[in-house]
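need the 3D shape of this:
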Amino acid sequence: MKMYTSRWFTTGAIVLIISGCASSPKFVAVPRDLDRSKVTLQTIDLTARDYSFTPDVIRVKPGTLLRLVLKSTEGTHGFRLGDFGIDERLDEGREKVVEVYLPTPGEYGFRCSHFCGLGHFGMTGKIIVE
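Next up is the predicted model:
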């Protein structure tokens, strides 16, 4: 039986941590019983490019249905809003639309979920509901 080196063990541990395999959504992105005619819809264009999102801070009022039009303009990226179970691959030049209902005040972080290079881990943003 071949012994695994500590290097392989460390690499495996890092991959598990990065993938967030133990995390699960805290909220439903859009509840099935949401009456869309009674909530405010706000649409934001969110662009991913090398190591940044534009905008990287999104502010909405409580009770908003937020529609994000996601697009990568430089390479392949990802968009992960883990609290709501959203994780989308963003291929360059293609749009994806995701929606999330934000009923109460709070802050929700998002990040790039597709490794895109040395600046990948700093590619983050947040949605602020106030």
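
only C-alpha atoms from now on, for both contacts and neighbour counts.
Noted.

roughly how far does the residue most central in space within the chain sit from F121?
The chain has R80 as the residue nearest its centroid, 2.1 Å off, counting by CA atoms, centre = their mean. Distance of R80 to F121, given as CA to CA, to the nearest Å: 13 Å.

tell me, what's touching the two both at once?
Common neighbours of R80 and F121 (criterion: CA atoms under 8 Å, 6 or more residues apart in numbering): C112.

on that earlier part again, list the buried residues of the helix or strand where the residue nearest to the centre of the chain lies.
R80 is part of strand 77-81 when elements are defined by DSSP states H and E. Buried positions in strand 77-81, judged by neighbour count with 16 or more other CA atoms under 10 Å: 77-81.

among those, which one sits closest to E107?
Nearest to E107 among the buried residues of strand 77-81: L81, at 11.2 Å, using CA to CA.

my guess is the closest one contacts D87. True?
Yes - at 6.4 Å, L81 and D87 qualify as touching, with contact defined as CA atoms under 8 Å.

quick one on the thing from earlier: what residues sit buried inside the following helix or strand past the strand holding R80?
Going down the chain from strand 77-81, the next helix or strand is strand 86-90, by DSSP H and E. Burial within strand 86-90, assessed by neighbour count using 16+ other CA under 10 Å, is assigned to 86-90.

now swap in stretch 60-70 and tell me
60-68, 70.

hmm, who's touching stretch 85-97?
Applying CA under 8 Å, 6+ apart, the contact partners of stretch 85-97 are 24-29, 67-81, 98, 113-114.

where does pLDDT dip in the protein?
Counting by pLDDT under 70, the chain shows low-confidence ranges at 1-23, 119.
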